[in-house]
Every structure is written in structure tokens, then in C-alpha cells.
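Peer 1: the following block contains a protein sequence and its predicted model.
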Amino acid sequence: MKPLQIKHPHTIVDRSSELRNSPNELEKLWEKGKIIHLARQKFLVKSDRPKLLTAGEIKELSANFIPGLRIFLGILDGEAFFAFCTDVKSDQIEKFDKPTEELVGSEFENYKTLRETDGLFNDFEMSISLHAQALSNWHHSHPKCSKCGQTSTPAHGGTIRICDSCGGEHFPRVDHAIIVLLRDRADRIILGRQKIWPERRYSCFAGFVEPGEAFEQAVEREVLEEAGVGVSEIKYLGSQPWPFPASLMISFEAVTDTPELVRPDGDEIEAVKILSRTEFEAEIESGALLLPPEISVARKMIESWRNA
């Protein structure tokens, strides 16, 4: 079997952490910077790409949106990039939250989730969008100090929160999850299907890393729990931020010597498929198999096996 490879993300934007403690400098950068707008996990897009706004254009959003949070994303080619994370006014929430197809012709028709932009953003656009959504989600879910319970305020360019009462500093956390492309000795791919997914979608096995557990141990446990088999030859492939709401996906490949014992756990996984490349292509062609979104590391892993 050929070893699998996936494209590793590389650093595109200089996050320039030394500027985070300089509010005056950040204010100057904001006034001439490029800004993406994020509201209720939807990004403002133009022609299926993030629309980059000026500080003046951000002010014009006040008709439909409440004042929001500025997040400093970094510097690229001498230009500063920010995210403006906000919410719609209360009387507009019901309308804004409607499915995208129902917003055509409205003032909100150009707001889409990252999943809805699947595969359309380039590496740079995806990088700053994932960064913005991850921090926006964290600020939304952590408004108070975990030490004293009082309110906290964003600081350092939106990268931390400081308690208004005790002064405690709070930093974003991510939830580590492993994801595994499972193969057998015949180089057949083994995929599972969760009940909550769209009909016919299958993907790699995945789960959160538990306390006191190494990544490789999590791989062994998750595959055993979800597919009922042991694994060997665990190899790291890469990682991907996945802020839905706060995950970091750590991807691996692994091999099972007992594919005949593979079975769904009946809880998270309701069905499994064991496919050769010929069978895989036939199921794709017939529509019997729906793959994960292009933006996901799962899709990149499956495509790596497909093209090996």
C-alpha cells in the first residue's frame, strides 16, 4: 500500500502578535485595513468569495447590525486584516437565520456559512475565515470569567478576554479530535455513516481525545468503539482547524487486519462500507455514496486514498 499524503496548510498571514498590545497602532491599522464581516456564523461574500470591507463600510452596517467585536487577524504583504464579528438587530434575527435560498433578493442574500462556500475560498481566504470564526465562537460562548463569574471584556486585538472584576486573563481553547482513514491489507477503504448526516454520506471515523489520552490511543479507541476492530500502523497525516464550534482535527491513517469483523456500533455509526477503488468509483457514479464537504480534512484524506 502506498503511504497517504494530504496537503498541509502553511502560514499565509503573519499574525503579528507584538501588535496585539498596542491599541493605538491597531486603531491605525483598522482605519486602513481590510475587514471581513461575520454575523451569526455567516460571512459576507461577493461572487462566492469573502467581501473585504473598509472601516467606513463597516460603519454603514449599523442599519441592520449591532456594534460588534474587532478581531485582528494579522498582516499580509503590508496590509492589515481584521474580522468584524457582530449580530443582527433583534427585529432582524428571524429573517437573517432563514436558509440562504430564502434570502435571495433581501439585504442578507450575500451572507453564507463556511460550509455553504464549500471549496470556493482560496487558502488565504479560508485561513482568515477559520481564524475569525474560531475566535468569534469562543467570545460568544465565554462572556464571563471562569474564576469569579463576572463579565469579561475582549482584549489584545480580540485574542483574549480579561475579567472586569478580578483581572483574570482567559485564552481561547480548542477541542482536539482525531480522524482516521481506515484501510485493510487489500487497500480497501472503510467508511462509516452517522445517523445525523445527509442521506448516503459516509466519511472517516472520528472522535474527541479524552483526558489523559495520547492521539494514537484515541485512534485505537475510536475505531474499536465505532467499527469494532483493532488497528495498527497508525501514521499522522496532518491537521485542520474546524471551528464548528471549536475543534482541531488531527488526521491519521491506520490499518486493520480483521475487516471481516467491521461492524457499526449502532449508536453513532449506523452503517459501514468497505470499498475497493473500483467499487468506490462505481458508488460515486451511481450516487450511492456522498462524500464529506470539500473544505473538510476528511475529504482530503479520502481523495488522497482515491488518487494513491
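Peer 2: Now that the structure is in, tell me what you want to look at.

Peer 1: show me where the stretch 201-308 of the chain has strands.
Peer 2: Assigned by DSSP state E, counting those that start in this stretch, the stretch 201-308 of the chain shows strands spanning 205-208, 232-242, 247-256, 269-275.

Peer 1: domain assignment for the chain?
Peer 2: 17-140, 142-172, 175-307 (automatic domain parsing).

Peer 1: who's in contact with Leu61?
Peer 2: Leu61 is in contact with His37, Phe84, Thr86, counting by C-beta atoms under 8 Å, 6 or more residues apart in numbering. The way it works is simple: take the backbone N, C-alpha and C, and place the C-beta from them, glycine included.

Peer 1: the helix or strand hosting the first one packs against which elements?
Peer 2: This points to His37. Take DSSP states H and E as the rule and His37 turns out to sit in strand 34-39. Under the contact criterion of 3 or more C-beta pairs under 8 Å, 6 or more residues apart in numbering; DSSP states H and E, strand 34-39 touches strand 42-46, helix 55-59, strand 79-86, helix 123-141.

Peer 1: picking up where we left off before, export the domains of the chain as CSV, with columns for mean pLDDT and distance to Lys2.
Peer 2: Converted to CSV, the domains of the chain look like this (pLDDT from 0 to 100; distance: least, C-beta to C-beta, whole Å):
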stretch, mean pLDDT, distance to Lys2
domain 17-140, 94, 25
domain 142-172, 96, 38
domain 175-307, 97, 8
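
Peer 1: re the thing from before, need the winner for burial among the helices and strands packed on strand 34-39.
Peer 2: Among those, ranked by average contacts under mean count of other C-beta atoms under 10 Å, first place goes to strand 79-86 (a mean of 22).

Peer 1: contacting residues around Val45?
Peer 2: Contacts of Val45 by C-beta under 8 Å, 6+ apart are Lys51, Asn110, Tyr111, Lys112, Thr117.

Peer 1: so what's it bridging to?
Peer 2: Pro50 (DSSP bridges).

Peer 1: ok, the nearest residue to Gln150 once chain neighbours are set aside to Cys148 distance?
Peer 2: Excluding the flanking residues, the one nearest Gln150 by C-beta to C-beta, 6 or more residues apart in numbering is Ser165, at 3.7 Å. Plainly put, Ser165 is 6 Å away from Cys148 if you go by C-beta to C-beta, to the nearest Å.

Peer 1: same thing with Ser47?
Peer 2: According to C-beta to C-beta, Ser47 stands 47 Å off from Cys148.

Peer 1: so between these two, which is more surrounded?
Peer 2: Cys148 (14 against 7; other C-beta atoms under 10 Å).

Peer 1: SS state for that one?
Peer 2: Three-state call for Cys148 (DSSP: H, G, I helix; E, B strand; the rest coil): coil.

Peer 1: how many residues are close by the nearest residue to it once chain neighbours are set aside?
Peer 2: Residue nearest to Cys148 in three dimensions, not counting chain neighbours: Cys166, with 4.7 Å by C-beta to C-beta, 6+ apart. Using other C-beta under 10 Å, the number of residues around Cys166 comes to 12.
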